[in-house]
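Visitor: Sharing a model that was predicted from the sequence below.
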Amino acid sequence: MERLGFSYFASREPGRLAVIGPRGDTWTRGQLARLVNSLARGLLDLGLKPDDRVAILSPNCVEFLAIYLAATQVGLYVATLNWHLAASEITHILKDSQASVLFVHRDIFAATVAPLPAEVLAQVRLISIGEVDGVQSMSTLAASFSGDPLERTLPGTTLIYTSATTGLPKAVVKSRDIAEAGLARELELVAQNTRRMGVPPDSETMYLCISMLYHIATLNGAVYTLHIGNPLTIMNGWSAVRILEEIQRSKVKTTFMVPAMFVRLLKLPADVRNSYDLSSLVCITHGGAPCPVDVKRQMIEWVGPILFESYGASEGGGTMVESADWLRYPGTVGRPFPGGGIRILDDDGNEMPAGGVGNIYIKPYNNTTFEYLGDRTKTDAAWRDGYFTVGDVGYVNEEGFLFICDRRTDMIISSGMKIYSAEVERVLITHPAIKDCAVVGVADPVLGEAAVAVVELEDSMTGSAQLSGDILSFLLERLGSMKVPRRIHYVEQLPRDPSGKLFKRLLKDKLPA
């Protein structure tokens, strides 16, 4: 087993580039490692013990990664909070997690901390990222302690809060192997997967971090990049043009995107897209939402067969597919990682045959388990014989490739027929007038539920009865009539977070009856 881990690479070649921050600030391995080690000692000095919880409330920055690496050196759980959440949701997470330390970035300090109730602020010790009057800063904490490597480390992990697209965030607590060998095995699996993508460890393979670090997929991508000895550059907020600019400027070789980014990129005029040099790219991984077949095909035609799609959830990873296999089976999200597994079960727990649609159950490839914090009933309901489900519905073909139909909570039952909203959305987004879209079910006295398309138009377009008719005709040519939405509702902007995650529950709340 090869040596891996950020501290190892930092001690071996401290002068090599580790991170480029959103402001263009550059950090060598040695500089970042000294900050990480100082912070780790500072957290211990505050009285934190293994399995205690800290929280981070911050936009993307290098300090975010330093705090995470420090906390997970000394056995702590780290809750990374979406700073776009409402005060009530942030309050819920801080109470639920029982975090004793909260790191808050100065740029969002007033907007996020001021609305919090006094009882919550009394629970946590505030530490600012940057200077805030009357609050201890992270730099002050770190300056009091040595930056030398710790004599003994104890792996911690993330206390993952789901993105609150359907209600209050819930915590996923993963089992933590406190032996060093546990982390070593995990990193070796990561290294094996990145090699498969053409990304060797301990190389100059620049990774571009686009989405928000409070998302587990984004955070893992950044942290694992450091742990396998490669550099990364961090964006804080994105647009299609900015992504292309950063790939060209930093000669980015690999990155993670969500399908909403693909859509925005492909909506750019061809002459704009083609004016950027993307020849450095060797791998784009994507996930987080279903990717329309036509969108992915266009991406492969543009950048080449370098797309790797992963499927999983906050609870754990499941499958991956490279471009060659996806082109054989368009729409698939792949086969399980080595050591993992996929089962398709009906509501009674019976195995479905190939092609049969049912509930997707995932066997974690790394043999980890999880529980929902404080909810034994929900935890027990998620697990069956070493496999777990997050409520997704799909099927596998004869070769074992998985296809996702929808989340069970997003599935619409209309006149007894199952309508998979994701299937309709994948077609709807390809209409040239549509910038973004979602399909939701609303109560209907006759049908039980009726499908409604919520549409954000391109800037040059205006919603009208004529356009609605054109969109519905477009869908009728590509979908069965029972799947076509009963009406189209136009909005100025769909409620997505900066990483592209759609908040469907907000759509349902705001739709007219």
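Guide: It's in. Numbering: from 1, shown residues only.

Visitor: Quick one: classify the residue nearest the centre of the chain as helix, strand or coil.
Guide: In the chain, the residue lying closest to the centroid (Cα atoms, centre = their mean) is A217, at 3.8 Å. The three-state label given to A217 by DSSP: H, G, I helix; E, B strand; the rest coil is helix.

Visitor: Surely it and A289 touch.
Guide: No. Between A217 and A289 there is no contact under Cβ atoms under 8 Å: 10.9 Å. Every C-beta, even on glycine, is put in place using the N, C-alpha and C of the backbone.

Visitor: can I see the domain layout of this protein?
Guide: Following automatic domain parsing, the chain resolves into domains at 29-175, 327-408, 411-510.

Visitor: Could you identify which of these is most buried?
Guide: Looking across the domains of the chain with neighbours counted as mean count of other Cβ atoms under 10 Å, the highest average goes to domain 29-175: a mean of 19.

Visitor: ends of that domain, how far apart?
Guide: Start and end residues of domain 29-175 are separated by 29 Å (Cα to Cα, to the nearest Å).

Visitor: Mean confidence (pLDDT) on it, please.
Guide: Regarding domain 29-175, the rounded mean pLDDT is 92.

Visitor: Check stretch 355-362 too.
Guide: On average, stretch 355-362 scores 95.

Visitor: Stretch 326-339 too?
Guide: In the prediction, stretch 326-339 has an average pLDDT of 94.

Visitor: now stretch 257-266
Guide: For stretch 257-266, the mean per-residue pLDDT is 90.

Visitor: Is I127 in contact with Q136, as I believe?
Guide: Yes. At 5.4 Å, I127 counts as touching Q136 under the criterion of Cβ under 8 Å.

Visitor: Can you list the residue ranges for helices in the stretch 1-150 of the chain?
Guide: With DSSP state H, counting those that start in this stretch as the criterion, the stretch 1-150 of the chain has helices at 6-12, 29-45, 62-71, 87-97, 106-113, 118-123, 138-143.

Visitor: now the fourth one: how far from the chain's centre is it?
Guide: So the one you mean is helix 87-97. Taking Cα atoms, centre = their mean, to the nearest Å, one finds helix 87-97 lying 20 Å from the centre of the chain it belongs to.

Visitor: CA atoms of it as PDB?
Guide: Extracted in PDB, the C-alpha atoms of helix 87-97 (Å, rounded to 0.1, in the frame of the first residue of the first chain):
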ATOM      1  CA  ALA A  87     -31.700  31.200  10.400                       C
ATOM      2  CA  SER A  88     -34.200  28.600  11.600                       C
ATOM      3  CA  GLU A  89     -32.400  25.900   9.600                       C
ATOM      4  CA  ILE A  90     -29.000  26.900  10.800                       C
ATOM      5  CA  THR A  91     -30.300  27.000  14.400                       C
ATOM      6  CA  HIS A  92     -31.700  23.500  13.900                       C
ATOM      7  CA  ILE A  93     -28.300  22.200  12.700                       C
ATOM      8  CA  LEU A  94     -26.400  23.800  15.500                       C
ATOM      9  CA  LYS A  95     -28.800  22.400  18.100                       C
ATOM     10  CA  ASP A  96     -29.100  19.000  16.500                       C
ATOM     11  CA  SER A  97     -25.300  18.500  16.000                       C
END
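
Visitor: quick check: angle from that helix to helix 106-113?
Guide: If you take axes from the mean of the first three to the mean of the last three Cα atoms, to 10 degrees, helix 87-97 sits at 90 degrees to helix 106-113.

Visitor: Identify the residues contacting helix 87-97?
Guide: Under the contact criterion Cβ atoms under 8 Å, 6 or more residues apart in numbering, helix 87-97 has outside partners 53, 55, 57, 77, 79, 81-83, 85, 99, 102, 112, 115-117, 120, 123-124, 159, 161, 164, 168-169, 171, 373-374.

Visitor: Out of those residues, name the ones that lie in strands.
Guide: Residues of the contacts of helix 87-97 located in strands (DSSP state E): 53, 55, 57, 77, 79, 102, 159, 161, 171.

Visitor: Looking at strand pairing, list the partners for the third one.
Guide: With beta bridges defined as DSSP bridges, L57 has these partners: V104.

Visitor: In contact with it, which residues?
Guide: 81, 83, 90, 102-105, 108, 112.

Visitor: try 7 Å
Guide: Counting by Cβ atoms under 7 Å, 6 or more residues apart in numbering, L57 makes contact with 81, 83, 102-105, 108, 112.

Visitor: next one: the last one
Guide: If you count contacts by Cβ under 7 Å, 6+ apart, A171 has them with 96-97, 159-161, 372-373.

Visitor: ok, the residue lying farthest from the centre of the chain to S415 distance?
Guide: The centre of the chain is farthest from one residue, V446, which by Cα atoms, centre = their mean lies 38.1 Å away. Distance of V446 to S415, given as Cβ to Cβ, to the nearest Å: 8 Å.
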